[in-house]
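Q: Predicted coordinates and the sequence they were generated for:
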Amino acid sequence: MEYFEDHKLYQLLDEPNFELIKDFLSEFGLDSVDWHGRTFMMSAVVEGKSELVEYLIN
């Protein structure tokens with residue numbers, strides 16, 4: 001399982017730039033997790049980022 005840095009995740013959640021998110025997920029993978037064991041998608045759901053969740057689903 002690949003891990004990623006939380007601080008980068010929260011920067012992307014706070015100012016969603018879909019191109020940067022795509023690059024982030026390409027680098028770490030869709031199933032990568034933070035130290036809580038949450039994927040990027042799970043973190044977006046927890047933070048209430050519905051537009052971002054919709055982007056990730058599509």
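A: Nice, thanks for sending it over.

Q: Spit out the contact partners of residue 1.
A: Under the criterion of C-beta atoms under 8 Å, 6 or more residues apart in numbering, the neighbours of residue 1 are 31, 32, 33. The way it works is simple: take the backbone N, C-alpha and C, and place the C-beta from them, glycine included.

Q: Need the buried ones from those selected in PyMOL.
A: This is the PyMOL syntax for the buried subset of the contacts of residue 1, where burial follows 16 or more other C-beta atoms under 10 Å:
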select buried, resi 32+33
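
Q: which one among the contacts of residue 1 gets closest to residue 58?
A: The nearest member of those to residue 58, counting by C-beta to C-beta, is residue 31 at 18.0 Å.

Q: from what I can see the closest one touches residue 25, true?
A: No. Assessed by C-beta atoms under 8 Å, residue 31 is found out of contact with residue 25, at 9.8 Å.

Q: With respect to residue 15, which of the contacts of residue 1 is nearest?
A: Using C-beta to C-beta, residue 32 comes nearest to residue 15 of the contacts of residue 1, at 20.1 Å.
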